[in-house]
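*Asks:* here are the coordinates; sequence isn't available:
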């Protein structure tokens, strides 16, 4: 079972990598959808393996919000803007190398220093260790994309990645979190993504571009 | 401690008002705002009842301790509801003037007032929540409720401001969620069931949480909620959002929203003060940097709203410093400054709204030499002098308390920076006021720029050539300035509540 979790975790990192590095926003959104579905599968495996049947509720929640609603919003609003991502700050190959480097460094750092960040003995061993290392790696890849991509839609996808990383950590470290908090977190995510995309389509209709750097009317 | 439905009414009333406003808007758009104002009045009464209860020595709870109100929560609720009501009343005529000016349409007014009510509801909820993760949910909800207000005019600049606001605050708050989850996971072994999420329970076991987790979690929470509070270097969204929003929304953002975020930081971080004094020292440093850089950036602005926004960043530095210094005096200074700054900065932004109403611009270079109303000038100068810390105004007393707290802690460098920043603030705001209201332009034949205005004649040219402010807008400004002067002249009026609020934080900080 642990092997399955580790394989799924690495697949999760791979989808993050594809989401960040794909310059076609539709393909990037599809990679994100794949990641969301992987999250659901990982949770289901956890729910059986631990066993913790409360995690099945998380599965349903993640499937509805990240697997259906957010991809739908990305697809719906994505049609209203340019499909090709605005030219990023770092060109393709250097970005690929940096992203790979970040994956290796952050996974290794978190995995090898797990005892430093483990909040309690209850989550001290595997599979939590690999899970948290993957969560931190996904979070950092999202942050990297957010800092280096000029395209506003890509920035939203990067934010989604960061949220996936944090939610993976949340599900791993706090699986017994009450439903009300869980629903609140999921609702916030969907509404924030919807609002961002709504505003970005407004920007696109005014400026004809989703390049965040071209906005910059407000300075000082 | 007893169960009270007041805590539910505090955020359910404005939420219901928002719903009614939105539902009835389709049929009676011209009357938009009345339901929201009634809702805000009722919410203010609820906040006052809460204050009465806590002054009687009670602590209120609801929903199995998920909601909790001590004196600090009640004070925050009072701030939210006073400024919220002022903003709604001011907006009633202000937004109709925007309709006449072609900035928006009558059909959109119900949406505006519904969003303001939702915004007030989320902030009010934030003041009484006792749940770590729900605190994250609510702080993010305040961002979501206000994002469409920032972009309300749907201009390229306001869309840019709204985009920056949403993305930066969402990124920050995502990190805060990780921090809260770490704290929760660390508390679970010591607290049964859902109790590990309750801030009041976390206090009791704060000493058991590993130091690594405390530092990582508090760092993430400071970044997350600090972004929303406008702490430097996470402040980038704030000047844009404040300058592009309708002026009453700027008043709400600057007067209340950033205070609710810093309240969340204080509620969580002070829990760990007894074990980790380094946290407090770090907050003093962050406060000092924020206050100094904020006012330096304010100095170079030509847009009055951006200047006031940077000034708010700077004033947040004082509040953070006070929380960092800690102890009764430090907490008292911070809490007092939160109240004073909420009143004063919302007044200043409403004055900017009045200037926009009469002159159509907020650029100081364009306002310079134009005739402005006496009432707006008086309100602006009183608020500017108070924010600058001129005795005996209310801003002086709260800043002075923070200076005293820093001196008692022998943090002399902090005292130096705080006093220097206060002088810079005074110079910055008085200079702006002089250029707007007193500067004599040769093109105007050397006449003083201040002119008498006649309240009550909305949209009509006054007898000396400037449009008069509507009575409702003038009254709001007069009431806010009167409250500020009253708090300066008779600080004892609010002392009992501030005293208890400071002790609430001290209670957390000593592990009670």
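*Replies:* Arrived safely. Because the structure is a prediction, the values reported are computed rather than measured. Numbers count the residues shown, from 1 in each chain, chains lettered A, B, ... in the order given.
*Asks:* From now on I want contacts and neighbour counts done on CA atoms only, so please keep to that.
*Replies:* OK.
*Asks:* Now do the helices in chain A.
*Replies:* With DSSP state H, the ranges of helices along chain A come out as A:2-21, A:25-49, A:55-62, A:70-78, A:92-112, A:114-117, A:128-148, A:152-173, A:179-207, A:212-215.
*Asks:* mean pLDDT lowest for which of those helices?
*Replies:* Lowest mean pLDDT within the helices of chain A: helix A:212-215, at a mean of 77.
*Asks:* List the contacts of that helix.
*Replies:* A:150, A:151, A:152, B:156, B:160 (CA atoms under 8 Å, 6 or more residues apart in numbering or on different chains).
*Asks:* Of those, which pair is most distant in space?
*Replies:* Farthest apart among those by CA to CA are A:150 and B:156. That separation is 17.1 Å.
*Asks:* Which one of the contacts of helix A:212-215 is nearest to residue A:18?
*Replies:* When the contacts of helix A:212-215 are compared against residue A:18 (criterion: CA to CA), the nearest one is residue A:151, at 16.2 Å.
*Asks:* Of the contacts of helix A:212-215, which is the nearest to residue B:60?
*Replies:* Taking CA to CA as the measure, residue B:60 lies nearest residue B:160 of these, at 41.5 Å.
*Asks:* quick one: contacts for the residue most central in space within chain A?
*Replies:* In chain A, the C-alpha nearest the mean C-alpha coordinate belongs to residue A:161, at 1.7 Å (CA atoms, centre = their mean). Residue A:161 makes contacts with A:16, A:32, A:138, A:139, A:141, A:142, as judged by CA under 8 Å, 6+ apart.
*Asks:* how does it look with 10 Å?
*Replies:* A:15-16, A:19-20, A:32, A:35-36, A:135, A:138-143, A:145-146, A:155, A:167 (CA atoms under 10 Å, 6 or more residues apart in numbering or on different chains).
*Asks:* Repeat that for residue B:490.
*Replies:* B:392, B:393, B:394, B:484.
*Asks:* before we move on, back to that, how about CSV for the contacts of helix A:212-215, with distance to residue B:312 added?
*Replies:* Shown next, in CSV, are the contacts of helix A:212-215 (distance: CA to CA, whole Å):
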residue, distance to residue B:312
A:150, 29
A:151, 30
A:152, 28
B:156, 24
B:160, 21
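*Asks:* okay, these in a markdown table with neighbour count next?
*Replies:* Shown next, in a markdown table, are the contacts of helix A:212-215 (neighbours: other CA atoms under 10 Å in any protein chain shown):
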| residue | neighbour count |
| --- | --- |
| A:150 | 21 |
| A:151 | 26 |
| A:152 | 27 |
| B:156 | 21 |
| B:160 | 27 |
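*Asks:* List just the nearest of these to residue B:44.
*Replies:* So of those, ranked by how close each gets to residue B:44 (CA to CA), first place is residue B:160, at 33.6 Å.
*Asks:* other SSEs contacting the strand or helix carrying the closest one?
*Replies:* Element membership of residue B:160 [criterion: DSSP states H and E] is helix B:156-187. In terms of contacts (3 or more CA pairs under 10 Å, 6 or more residues apart in numbering or on different chains; DSSP states H and E), helix B:156-187 is packed against helix A:128-148, helix A:152-173, helix A:179-207, helix A:212-215, helix B:132-150, helix B:199-202, helix B:211-229, helix B:237-244.
*Asks:* What angle do helix B:156-187 and the third one make with each other?
*Replies:* Just to be clear, that refers to helix A:179-207. On the basis of axes from the mean of the first three to the mean of the last three CA atoms, to 10 degrees, helix A:179-207 is oriented at 160 degrees to helix B:156-187.
*Asks:* do helix A:179-207 and chain B meet at all?
*Replies:* Yes - remark: helix A:179-207 sits within contact range of chain B at A:180-189, A:191-193, A:195-207, by CA under 10 Å from any CA of the partner chain.
*Asks:* Any regions of the stretch 401-512 of chain B where pLDDT drops low?
*Replies:* B:441-466, B:508-512 (pLDDT under 70).
*Asks:* Would you mind measuring from the residue in it positioned nearest to chain A to residue A:87?
*Replies:* Here the stretch 401-512 of chain B gets closest to chain A at one residue, residue B:428, 15.9 Å apart by CA to the nearest CA. The spacing between residue B:428 and residue A:87, counted by CA to CA, to the nearest Å, is 41 Å.
*Asks:* Equivalent analysis for residue A:193, please.
*Replies:* Relative to residue A:87, and taking CA to CA, residue A:193 is found at 22 Å.
*Asks:* For the two, indicate the residue with more neighbours.
*Replies:* Legend: neighbour count by other CA atoms under 10 Å in any protein chain shown for residue A:193 and residue A:87, higher for residue A:193 (24 against 13).
*Asks:* didn't that one look like it was pressed against residue A:73?
*Replies:* Yes - between residue A:193 and residue A:73 a contact is recorded at 7.8 Å, counting by CA atoms under 10 Å.
*Asks:* Tell me how many other residues crowd the residue lying closest to residue A:69 once chain neighbours are set aside.
*Replies:* Closest residue to residue A:69 apart from its sequence neighbours, by CA to CA, 6 or more residues apart in numbering or on different chains: residue A:190 at 7.1 Å. When neighbours are counted by other CA under 10 Å, residue A:190 registers 16.
*Asks:* ok, residue A:190 - contacts?
*Replies:* Taking CA under 10 Å, 6+ apart as the contact definition, residue A:190 lies against A:65, A:66, A:69, A:70, A:73, A:160.
*Asks:* Could you single out the nearest of those residues to residue B:307?
*Replies:* Nearest to residue B:307 among these is residue A:160, at 33.4 Å by CA to CA.
*Asks:* I'd like the distance between that closest one and residue B:133.
*Replies:* Distance of residue A:160 to residue B:133, given as CA to CA: 19 Å.
*Asks:* Also residue A:187?
*Replies:* Taking CA to CA, one finds residue A:187 at 13 Å from residue B:133.
*Asks:* shared neighbours, these two?
*Replies:* With CA under 10 Å, 6+ apart as the test, residue A:187 and residue B:133 both reach residue A:181.
*Asks:* Who has more neighbours out of the two?
*Replies:* Set residue A:187 next to residue B:133 and count neighbours by other CA under 10 Å: residue B:133 wins out with 25 against 15.
*Asks:* From chain A, how far off is that one?
*Replies:* Counting by CA to the nearest CA, to the nearest Å, the separation of residue B:133 from chain A is 6 Å.
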